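Q: just need the structure, nothing else, for what follows:
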Amino acid sequence: MSVSLEIFEGKLLPRVGIRDFLFTKYQFLVSYELMFVTLAPIDYLILLVFVGFMVVIGVLLKKSMNQSSDFLLAGRMIPAWITGIAFISANISALELLGMSASGAEYGFLTFHFYYLGAIPGMIFLGIFMMPFYYSSKIRSVPEYLRYRFNRPAHLLNSLITLLSLALGSGIYLYSLSLVFETMFGWNPHLSILFSAAIVLVYTYFGGLSSSIYTEVMQFFLTVLGLFPLVIIGLTRLGGWDGLMQKIPNSHKHMWHGLINGQNELGWDLLSVTVGLGFVLSFSYWTCGFTEVQRAMAAKDYRAARRTPLIGAMFKLFLPFLTVIPGLIALTEFSKEMNGEYNKSFIILLKNFYPSGMLGLGTTALLAAFMAGMSSSITAMNTIFTYDIYQTYIDPNREDKDYLKIGKLCTMIAVVFAIFASYIAMQFENIMNYIQLLFSFFSAPLISIFLLGMFWRRASGWSAFYGMLLGTGTGLVHFLLYYLGILQYKSDMVSNFYGAIYSGLVCFLTMVIVSFIEKEDPSKDLRGLIYSDRDQSNPFWDPRILAWGVGLIVLLAGFNIVFA
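A: Sure thing, here's the model as predicted:
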């Protein structure tokens, strides 16, 4: 059994474009060996210019890295529009571009749920409800909130889990990048890994989080520029949007049709999609995932920090038109060439639509997307290790310049480990099983921990620790029962959704029970950490922030109605 619909970067990606595109590697190589694309000198020049800009940005920012907070937190001086774009760029990867295009070709608008339920609701909730606590409490990482709100064991457990998952996840970025370039262009995979890792190391080592954020902004626009012409060219050839709608199957035109009884291409049902994907997984990843939240924490002030995920959500609303629609275009224009192998859709469009120069731009978009994901993991890792592990538990009395050195050293070690982890990933015939082991057990319990921590004063110190343990254990047991055939679902996707529901529910119940058993600590200072003792110096119910949120909800509802 292949586990092909699992958590990756906060979303559950469908088996097409994941299992078939990247993760059954030998079949993939055979499938694509006749589809090599040759880059012209102008294409290589575009790639070199992009790489040069990455390095220059890091070197220019080196002079401003005087303190550990400059390197690890970007000095909390970056405008909201930059952190907002970096927020969404850190989550975009070429895996998403390729996988969602393939999913669009096979499943159509049903794929939009990964954005409109699996991402945007959580981003809105982060901006309105969660960021006031994160920013006002002056915490330097998401795990650090658990130390102040609950206790040190909960903080240490969450820090170690987050650090390990980020470290191994960054290796997946490198391996996937090498595999894509090997199969598209015939490039040596080992050189691709070393080349990409070296670029990320240079600009991240010199400029820290600041360079990562600023390069992610450029990477975002490069990704959009690389995708947008595919959509325009394709729609023009089809006679516009109406022409596309006339040619795609009726089953591809709906998001909600067939969800109530599970009669759809993916076998989804209403409960698993709305609660499992739309609440547990969406809110856990987008409100408790440090790679994204770190960008909001780098904003210059309280309001900018809250606007960061809302700006990101605005861009996220329109991303399906750049990722899913190309798959539908490929389905209508090149169905014979795909021959049922939907994972080829993105490469087929690049091959047929882009001449020299434009092909270099499309290739640069893929490279930029991979590097943005990897650099976000690296900067999150060096912050968590330096502040949450080293300063808190190993040596808390060093001078600030020493922590700056530790942060830079951790950056180098993290990149080296990512290279090593990429070769670990190579050992898996179906790497989605690997991603399942790394990510799917650790995300779902977090939303219960943070919601109870922020909005229920009675949540006790040890409740988060035991909730995290039992919630994660429940997810693991559920997966094993499904893997062994004891539990039956219509698809791997549905299994993951229900696994997330059970994991989050067990964590929630465990925390409530432990909180009533454990005696309250009346001396614990919760100011700025919970809603009833929130920071009153900044408006929690800011009308401008609420207007952003309401506007996004209206747009989100509109898209769901249009594509229902």
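
Q: pull the CA atoms of stretch 524-533 into PDB?
A: Written as PDB, here are the backbone C-alpha positions of stretch 524-533 (Å, rounded to 0.1, in the frame of the first residue of the first chain):
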ATOM      1  CA  LYS A 524       2.000  31.700  37.600                       C
ATOM      2  CA  ASP A 525       2.100  34.900  35.600                       C
ATOM      3  CA  LEU A 526       0.000  34.600  32.500                       C
ATOM      4  CA  ARG A 527      -0.100  38.300  31.500                       C
ATOM      5  CA  GLY A 528       0.000  38.600  27.700                       C
ATOM      6  CA  LEU A 529      -0.300  34.900  27.300                       C
ATOM      7  CA  ILE A 530      -4.000  34.300  27.500                       C
ATOM      8  CA  TYR A 531      -7.000  36.200  26.200                       C
ATOM      9  CA  SER A 532      -8.400  37.200  29.700                       C
ATOM     10  CA  ASP A 533      -4.900  38.800  30.600                       C
END
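
Q: could I get the buried residue list for that stretch?
A: L526, G528, L529, I530 (16 or more other CB atoms under 10 Å). From N, CA and C alone the C-beta is placed, and that goes for glycine too.

Q: residue ranges with poor pLDDT in the stretch 351-500 of the chain?
A: Across the stretch 351-500 of the chain, the ranges flagged by pLDDT under 70 are 427-440.

Q: residue ranges of the strands in it, please?
A: In the stretch 351-500 of the chain, no strands are defined using DSSP state E, counting those that start in this stretch.

Q: which stretches of it form helices?
A: 358-383, 400-425, 431-435, 441-443, 445-455, 463-483, 492-517 (DSSP state H, counting those that start in this stretch).

Q: next secondary structure after whichever helix or strand Y175 is part of?
A: In the assignment (DSSP states H and E), Y175 maps to helix 152-185. Where DSSP H and E defines the elements, the next helix or strand beyond helix 152-185 is helix 189-238.

Q: can you pull the buried residues of stretch 64-77?
A: So, applying 16+ other CB under 10 Å, buried residues of stretch 64-77: S64, M65, S68, S69, D70, F71, L72, L73, A74, G75, R76.

Q: next: stretch 298-313.
A: Buried residues in stretch 298-313 (16+ other CB under 10 Å): 298-300, 302-313.

Q: hmm, back to that, report the two of the buried residues of stretch 64-77 separated the most.
A: Farthest-apart pair in the buried residues of stretch 64-77 is M65 and R76; separation 14.3 Å (CB to CB).

Q: F185 contacts A40, doesn't it?
A: No. If you go by CB atoms under 8 Å, F185 and A40 don't touch, sitting 11.9 Å apart.

Q: hmm, back to that, which of the buried residues of stretch 298-313 lies closest to P522?
A: For the buried residues of stretch 298-313, the nearest to P522 is Y302 (29.4 Å; CB to CB).

Q: returning to what we had before: now do the helix holding Y175, average pLDDT.
A: For helix 152-185, mean pLDDT is 81.

Q: any idea of the angle it forms with helix 463-483?
A: Per axes from the mean of the first three to the mean of the last three CA atoms, to 10 degrees, the angle that helix 152-185 makes with helix 463-483 is 40 degrees.

Q: helix 152-185 versus helix 189-238: what angle between them?
A: Using the same axes, to 10 degrees: helix 152-185 against helix 189-238 is 70 degrees.

Q: ok, now which ones touch S495?
A: H478, F479, Y482, L487, Y489 (CB atoms under 8 Å, 6 or more residues apart in numbering).

Q: PyMOL command to pick out the buried ones of these?
A: Listed next is the PyMOL selection for buried residues among these, using 16+ other CB under 10 Å:
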select buried, resi 478+479+482+489
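
Q: check the contacts of S495 and tell me the two furthest apart.
A: Checking those with CB to CB, the most distant pair is F479 and Y489, at 11.3 Å.

Q: could I get the helices of the stretch 351-500 of the chain as TSV with distance to L209?
A: Converted to TSV, those look like this (distance: least, CB to CB, whole Å):
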stretch	distance to L209
helix 358-383	5
helix 400-425	9
helix 431-435	25
helix 441-443	23
helix 445-455	22
helix 463-483	26
helix 492-517	30
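
Q: avg pLDDT for the strand or helix carrying S282?
A: Assessed by DSSP H and E, S282 sits inside helix 282-288. Mean pLDDT, helix 282-288: 89.

Q: which helices and strands does that helix pack with?
A: Packing partners of helix 282-288 (3 or more CB pairs under 8 Å, 6 or more residues apart in numbering; DSSP states H and E): helix 120-125, helix 290-297, helix 441-443, helix 445-455.

Q: re earlier: go through the buried residues of stretch 298-313 and say which is closest to K253.
A: Once CB to CB is applied, the member of those that ends up nearest K253 is A313, at 24.6 Å.

Q: neighbours of the closest residue to that closest one other than its chain neighbours, just the number please.
A: Leaving aside its sequence neighbours, A313 sits nearest to M123 (CB to CB, 6 or more residues apart in numbering; 4.1 Å). Counted with other CB atoms under 10 Å, residues neighbouring M123 total 30.

Q: my guess is M123 contacts P309. True?
A: Yes. Contact criterion CB under 8 Å: M123 and P309 qualify, at 4.5 Å.

Q: common neighbours of the two, please.
A: W286.

Q: related to what we said a few turns ago, just the helices of the stretch 351-500 of the chain: most buried one?
A: helix 358-383 (a mean of 26; mean count of other CB atoms under 10 Å).

Q: and the angle from it to helix 189-238?
A: 130 degrees.

Q: who are the packing partners of helix 358-383?
A: With contacts taken as 3+ CB pairs under 8 Å, 6+ apart, helix 358-383 sits against helix 41-61, helix 68-73, helix 94-107, helix 152-185, helix 189-238, helix 290-297, helix 345-353, helix 400-425.

Q: what comes up buried for whatever helix or strand comes next after the fifth one?
A: The C-terminal neighbour of helix 189-238 among helices and strands, as given by DSSP H and E, is helix 240-247. Buried residues in helix 240-247, counting neighbours by 16+ other CB under 10 Å, are found at L244, K247.

Q: continuing past helix 240-247, what's the next helix or strand?
A: Next along from helix 240-247, by DSSP H and E: helix 270-271.

Q: so how far is the helix holding S282 off the chain centroid?
A: 10 Å (CA atoms, centre = their mean, to the nearest Å).

Q: just the CA atoms of it, as PDB, please.
A: What follows is helix 282-288, C-alpha atoms only, in PDB (Å, rounded to 0.1, in the frame of the first residue of the first chain):
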ATOM      1  CA  SER A 282      -5.200  23.900   8.500                       C
ATOM      2  CA  PHE A 283      -5.200  25.600  11.900                       C
ATOM      3  CA  SER A 284      -2.300  23.500  13.300                       C
ATOM      4  CA  TYR A 285       0.000  24.200  10.500                       C
ATOM      5  CA  TRP A 286      -0.700  27.800   9.800                       C
ATOM      6  CA  THR A 287      -1.100  29.000  13.300                       C
ATOM      7  CA  CYS A 288       1.500  26.800  15.100                       C
END
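
Q: now do the buried residues in it.
A: S282, F283, S284, Y285, W286, T287, C288.

Q: okay, the residues you listed in JSON lines with distance to G258 next?
A: As requested, the buried residues of helix 282-288 are exported to JSON lines (distance: CB to CB, whole Å):
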{"residue": "S282", "distance to G258": "21"}
{"residue": "F283", "distance to G258": "25"}
{"residue": "S284", "distance to G258": "26"}
{"residue": "Y285", "distance to G258": "26"}
{"residue": "W286", "distance to G258": "27"}
{"residue": "T287", "distance to G258": "30"}
{"residue": "C288", "distance to G258": "31"}
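
Q: which member of the residues you listed is positioned nearest Y148?
A: C288 (15.1 Å).

Q: ok, the closest one to P121 distance?
A: 14 Å (CB to CB, to the nearest Å).

Q: and D242, by the same measure?
A: Taking CB to CB, one finds D242 at 30 Å from P121.
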